[in-house]
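1. Need a 3D model of the following:
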Amino acid sequence: MQGLWTIILLIISNIFMTFAWYGHLKLQEMNISNSWPLILVILFSWGIALFEYFFMVPANKLGSQINGGPFSLVELKVIQEVISLTVFSLIVLFVFKGESIHWNHIAAFACLVAAVFFVFWK
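-> The predicted structure is shown next:
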């Protein structure tokens, strides 16, 4: 059950992370933040990133073998990267309508899935 909660928390964390890193671009695209100074954009992103940490830190704490969880640090990192790219891809497809996913993006994603396979292979 710890593994499932870890993955759920990582998904939520990565939703916040993606909006913290790229949400200001969507606001600019919508002509909301065009006149914002860079420091305001940074503070806006930090405000969102704070919520990322509310989920990321417990996910890593719960999932780590150091605390009795099911995942090694390497496994946690690879899981997080795959979740990060999955969440990012979905947000790009559904929020940033001008962007598209091409065959090479899918091939790269398949390589990441293979990385998960190899990380868990004993």
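2. for the helix or strand bottoming out on mean pLDDT in the chain, which positions count as buried?
-> Between all helices and strands in the chain, the lowest mean by mean pLDDT, DSSP states H and E belongs to helix 103-120, at a mean of 86. Neighbour-count burial for helix 103-120, counted by 16 or more other Cβ atoms under 10 Å, picks out residue 119. C-beta: built from backbone N, CA, C; applies to glycine.
3. Can you tell me what sits against that helix?
-> 74, 75, 78, 79, 81, 82, 85, 86, 89 (Cβ atoms under 8 Å, 6 or more residues apart in numbering).
4. Now with 7 Å, please.
-> Residues from elsewhere that reach helix 103-120 (Cβ atoms under 7 Å, 6 or more residues apart in numbering): 74, 75, 78, 79, 81, 82, 85.
5. Out of the residues you listed, which comes closest to residue 33?
-> Relative to residue 33, the closest of the contacts of helix 103-120 is residue 85; by Cβ to Cβ it sits at 25.3 Å.
6. Show me the contact partners of the helix or strand hosting that closest one.
-> Per DSSP states H and E, residue 85 falls inside helix 73-94. Residues from elsewhere that reach helix 73-94 (Cβ under 7 Å, 6+ apart): 7, 10-11, 14-15, 17-18, 60, 63-64, 71, 99, 101, 109, 112-113, 115-116, 119-120.
7. Thank you kindly, that will do.
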